[in-house]
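S.K.: mind folding the following:
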Amino acid sequence: MSLSCSLSPALAQQQRLTTAQKLRLSSALLQLRTDLISALRGEKYEPSARCPGCDHSLTAIEIRRGFRNDPKDFLTTCPKCKHRFRALLKTYFQVGHAQVPFYCPMQTLGELRGKQGLKPKQIDSGLRQSANYHFGGLTQAFSQIGVTYTLEVIPPWREKVRDFLGQLPDTVIAKIVGVKVRVIQRYRQALKIDRYLASDHY
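M.R.: Numbering: from 1, shown residues only. Here you go, the predicted structure:
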């Protein structure tokens with residue numbers, strides 16, 4: 001009885017979300033994640049894909065959803081005409097910018113295997129920037145495959161994450177920063193910031 005009572009508010013909340021609301025929420029969360037990573041690394045990241053088949057300019061969400069569940073298939077899919085092609089990742093630095101091939105999370109982790117002995121500059125720039133975009137850095141990406149990577153300098157994060165506390169789940173921030181969730185929870189609580197609730201963002 002107590003189990004059904006505790007589940008019902010969550011189910012009711014999920015039922016109120018329309019498909020459009022879910023898409024808006026997913027897009028907003030992805031943009032916030034990207035903004036946080038940009039703040040941490042001092043670089044701006046922008047996935048880019050214009051379909052050569054129908055000229056549709058894909059959003060970041062569409063690019064990610066267009067990848068297949070295959071670490072060796074590097075193409076995304078246009079949601080309009082279903083044409084498959086390679087997406088790019090634009091990275092803007094303090095001076096200048098670069099445009100490199102964009103890997104999805106699965107491809108990034110697959111391509112990183114066996115490269116833990118390489119310094120960041122020795123790793124393909126598209127792979128390195130995709131690791132930054134998806135995971136917050138090479139160290140965090142390698143940890144996803146159970147590898148400890150010690151050749152990357154981790155930027156200081158406490159001041160840079162302050163504006164994102166309560167705007168993103170603690171679990172997301174912790175993964176990007178590369179610390180345990182309780183570290184983020186305690187930091188947020190010390191600043192008297194309420195935890196993230198999806199219902200506050202739609």
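S.K.: pick out the residue closest to the middle of the protein.
M.R.: His134 (3.8 Å; CA atoms, centre = their mean).
S.K.: contact partners of the host helix or strand of that residue?
M.R.: Secondary structure from DSSP states H and E places His134 in helix 125-135. Identification of contacts with helix 125-135 by CB atoms under 8 Å, 6 or more residues apart in numbering yields 34, 37, 41, 43, 45, 47, 89, 91, 98, 100-105, 107-108, 111-112, 120, 137-138, 140-141, 144, 175-176. C-beta: built from backbone N, CA, C; applies to glycine.
S.K.: may I see the ChimeraX selection of the buried members of those residues?
M.R.: Typed into ChimeraX, the line below selects the buried ones among the contacts of helix 125-135, using 16 or more other CB atoms under 10 Å:
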select :34,37,41,43,45,47,89,91,100,101,102,103,104,105,107,108,111,112,120,137,138,140,141,175,176
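S.K.: how about Leu32, what does it touch?
M.R.: Counting by CB under 8 Å, 6+ apart, Leu32 makes contact with Phe164, Gln167, Leu168.
S.K.: how far away is the residue nearest to the centre of the chain from Leu32?
M.R.: Counting by CB to CB, to the nearest Å, the gap from His134 to Leu32 is 14 Å.
S.K.: please apply the same query to Phe85.
M.R.: 27 Å.
S.K.: ok, now Ile145?
M.R.: In this view, Ile145 and Leu32 are 25 Å apart by CB to CB.
S.K.: can you check Glu152 too?
M.R.: For Glu152, the distance to Leu32 - CB to CB - is 23 Å.
S.K.: chain center to stretch 75-86, what's the gap?
M.R.: Mean-position distance between stretch 75-86 and its chain equals 21 Å (CA atoms, centre = their mean, to the nearest Å).
S.K.: any residues touching it, and which ones?
M.R.: Residues outside stretch 75-86 that contact it (CB under 8 Å, 6+ apart): 49, 51-54, 56, 58, 62-68, 74, 87, 101-102, 104.
S.K.: out of those residues, which are buried?
M.R.: Buried residues within the contacts of stretch 75-86, counting neighbours by 16+ other CB under 10 Å: 49, 51, 56, 58, 62-64, 66-67, 74, 87, 101-102, 104.
S.K.: could you pull out the helices for the chain?
M.R.: 2-16, 19-41, 60-66, 105-112, 125-135, 138-144, 158-161, 170-177, 181-190 (DSSP state H).
S.K.: can you give me the angle the fifth one makes with helix 170-177?
M.R.: Right, the one you point to is helix 125-135. Between the axes of helix 125-135 and helix 170-177, defined by axes from the mean of the first three to the mean of the last three CA atoms, to 10 degrees, the angle is 150 degrees.
S.K.: contact partners for Thr108?
M.R.: Leu127, Ser130, Ala131, His134, Phe135, Ala141.
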